[in-house]
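**Q** sequence and predicted structure below; questions after.
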Amino acid sequence: MAEQQVQDMLDQVQNQLLQEQIRKTCFGKCFQGSDFPSGMTKNHKICLAKCMDRMTEARQIVQTAMTQVGQQQQQQQMQQQGGFGGF
């Protein structure tokens, strides 16, 4: 399987997990203790939109941090390998 196909599959799984987490967290928060109403009020819509935005932003922050950590680890490995090569 090509690297791009693997990345596309991982992205798809991450999006599905995010949607599931949003559903559990945001609907639980915005419809506390009540059954899902037959119609959503303006307050429900605002609550869901804000919650979804926060979840999406948090995901982006985590992804950025993970990318930075991965890059730092790669740099450290390269420095360690390069540092021993000169002896």
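**A** Okay, I see it.
**Q** how about the helices in this structure?
**A** Listed in chain order, the helices of the chain (DSSP state H) span 3-30, 42-85.
**Q** mean pLDDT and mean neighbour count added to those, as a markdown table?
**A** In this view, the C-beta of every residue, glycine as well, is placed from N, C-alpha and C. Written out in a markdown table, the entries for the helices of the chain read as follows (pLDDT from 0 to 100; neighbours: other CB atoms under 10 Å):
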| stretch | mean pLDDT | mean neighbour count |
| --- | --- | --- |
| helix 3-30 | 86 | 12 |
| helix 42-85 | 86 | 11 |
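**Q** spatially central residue in the chain, please.
**A** residue 59 (3.0 Å; CA atoms, centre = their mean).
**Q** how close does residue 38 get to residue 28?
**A** Separation of residue 38 from residue 28 (CB to CB, to the nearest Å) stands at 19 Å.
**Q** and stretch 53-72, how far out from the chain's middle?
**A** Taking the mean of its C-alpha atoms, stretch 53-72 sits 7 Å from the chain's own mean (CA atoms, centre = their mean, to the nearest Å).
**Q** contact partners of that stretch?
**A** By CB atoms under 8 Å, 6 or more residues apart in numbering, the surrounding residues in contact with stretch 53-72 are 14, 18, 21, 22, 25, 26.
**Q** all good on my end, thank you.
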